[in-house]
Structure formats: C-alpha cells, structure tokens
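Trainee: Please find the sequence and the predicted model below.
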Amino acid sequence: MIDVMATASSSNQRARMTASERREQLLTVACSLFGERGFEGTSVEEIATRASVSKPVVYEHFGGKEGIYAVVVDREIAALLGALTTSLRSPGHPRAVVERTALALLDYIENNEDGFRVLVRDSPVAEATGPFHSMLGDIATHVEDLLAEQFARRDLDPSTAQIYAQMLVGMIAFTGQWWLEERTPDKRTVAAHLTNLGWNGLRSMERSPVLTDMSISTEPRRSSTPPTVTG
C-alpha cells in the first residue's frame, strides 16, 4: 500500500512539472550522462529512465538524441564563453586579466565537470575540433585585441599578437583539460603557475626573436641516399 502511494505521489510530482521545468530536467540529466559515457555511450532510453519519463517525452522536447546533445553543447559553450569573455573584458592590469581568465576556466571546470567533459569529447554532433575549438578561436580574438594594445605600448610588433594569443589560449585550455582529470594541485595554484608562465613570458619578450641554434635548418631535408654513379 505504501509503495502504491509513493508511486502515485511521484507521478503527481512529475505531472506538476511545467514544460520548461521538464526541458531543464532533461538537459541536466542528459548532460550528466553525456559527460559520463559520451555521445555514443548514451541512449534516449537511458535519458528517459534517469529522468523518470517515457522516451516519447524526450522526443517531444528535442526530437532525439542528436537534438538534446546539440542543445547541451550550445548551453555549455555559452556558459564557458561568457565566463571567459567577462574576465577578458574586465578592466585591470594585463597580468590580472591573465589570472582572471585562467581562474575562470578552472572555476567552470570545477562547477560544470560534466559540461566540460561534453565539450572536449569527440562526437558525430559536436567534435572536439568543432564547437569547442571555435569557442577557443573567439577567445583568442579577444586576447589578440588585448595583446595588440599592449604590444604597441611596448614598441613590439602588434601584428604578431595573433600568434601569442593562440599560444596563451591553447596553453590555458590544454592545462584545463589536464586538470579536469588530475584535480591537484588546487585551482588557484594552477592558475598562478599558468600566469607565471604566460605573463612573465610576455613581459620579457624580445622585439625581434630569432632562433639561437644555428644548426637548425629551414631547408627541406634531402635524401641521404648517395647518387647512383653511371658510366
């Protein structure tokens, strides 16, 4: 009798959920499953089961697994991009901007582990070389603008800012993926070391850097096979 009443109560709670609440619930459940198992390892049936709904409810809201996955990716991209661009646009010393941006990424990873796992996974809908890298490209553009301004002030070539922006963003993003699994040291320590390398490297930049090892050749490597002697 108690089980029947509990089931009826649970059903009534589900029935009282609005369409927007149901949609949000399904997105949360799907994000968790995609983060745990990836796109291929997750099914609509599993999403429905964990959300305590029938499969048609998932299809009604999203049209299928591809649909709900795309919405999850878009939502996570918007959240991470928003956090990073806010850090980049906030006023302050350039070193503080580097610190805030590194910490913003690590904060996002700490608070949205499943979402970040979704972003960096390969899948038929959103490969790691697709939306995630497009987002990093947007971030690099913001960093490029910041660096170009600083380069001009220091009599450095602003046209090279694009190169250094790609380096900085790549360094922070790759370190974030590593920290997602390691979780040690703590995020503030990781952010401090990222800033140490990024800022101190930028602060001591040469105006016209050149390779110091003169043995490095830029010529195409020739075949070591000796020529055939004829005659």
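Mentor: Structure received.

Trainee: got the contact list for Ala161?
Mentor: Residues in contact with Ala161 (CB atoms under 8 Å, 6 or more residues apart in numbering) are 144-145, 147-148, 151. Every residue, glycine included, has its C-beta placed from N, CA and C.

Trainee: cool, Glu110 as well?
Mentor: Taking CB under 8 Å, 6+ apart as the contact definition, Glu110 lies against Lys187.

Trainee: element containing it?
Mentor: Glu110 belongs to helix 94-111 when elements are defined using DSSP states H and E.

Trainee: After that helix, which helix or strand is next?
Mentor: For helix 94-111, the following helix or strand on the C-terminal side (DSSP H and E) is helix 113-120.

Trainee: coming back round to it: just the buried residues from the contacts of Ala161, in ChimeraX please.
Mentor: If you want just the buried ones from the contacts of Ala161 in ChimeraX, going by 16 or more other CB atoms under 10 Å, the selection is:
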select :144,147,148,151
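
Trainee: Check which residues of stretch 81-97 are buried.
Mentor: The neighbour-count criterion (16+ other CB under 10 Å) identifies 81, 83-85, 87-88, 94, 97 as the buried residues of stretch 81-97.

Trainee: Lowest-confidence entry in those?
Mentor: By pLDDT, Pro94 ranks lowest within these, coming in at 85.

Trainee: residue contacts, Leu26?
Mentor: Remark: with contacts taken as CB under 8 Å, 6+ apart, Leu26 is in contact with 47, 51, 53, 57-58, 61-62, 68.

Trainee: Can you check which helix is longest in the chain?
Mentor: Using DSSP state H to assign secondary structure, the helix with the most residues in the chain is helix 65-89.

Trainee: buried stuff in the helix holding Glu110?
Mentor: Going by neighbour count (16+ other CB under 10 Å), the buried part of helix 94-111 is 94, 97-106, 108-109.

Trainee: Can you tell me which one of those sits lowest on pLDDT?
Mentor: Pro94 (85).

Trainee: Not including adjacent chain positions, what is the nearest residue to that one?
Mentor: The shortest distance from Pro94 to any non-neighbouring residue, by CB to CB, 6 or more residues apart in numbering, is to Gln150 (5.6 Å).

Trainee: circling back to that earlier point, can I get the contacts of Leu26 in JSON lines with distance to Ser204 and neighbour count?
Mentor: Listed next are the contacts of Leu26 as JSON lines, based on distance: CB to CB, whole Å; neighbours: other CB atoms under 10 Å:
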{"residue": "Ile47", "distance to Ser204": "51", "neighbour count": "24"}
{"residue": "Ala51", "distance to Ser204": "54", "neighbour count": "19"}
{"residue": "Val53", "distance to Ser204": "58", "neighbour count": "19"}
{"residue": "Val57", "distance to Ser204": "59", "neighbour count": "18"}
{"residue": "Val58", "distance to Ser204": "55", "neighbour count": "23"}
{"residue": "His61", "distance to Ser204": "54", "neighbour count": "17"}
{"residue": "Phe62", "distance to Ser204": "51", "neighbour count": "21"}
{"residue": "Ile68", "distance to Ser204": "48", "neighbour count": "26"}
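
Trainee: And Val29, how far from Tyr59?
Mentor: When distances are taken as CB to CB, to the nearest Å, Val29 and Tyr59 turn out to be 15 Å apart.

Trainee: wait, what's in contact with Asp145?
Mentor: Ala161.

Trainee: Report pLDDT for the nearest residue to Leu106 once chain neighbours are set aside.
Mentor: Nearest non-adjacent residue to Leu106, counting by CB to CB, 6+ apart: Lys187, 3.9 Å away. Residue-level confidence at Lys187 comes out at 96, pLDDT.

Trainee: All good on my end, thank you.
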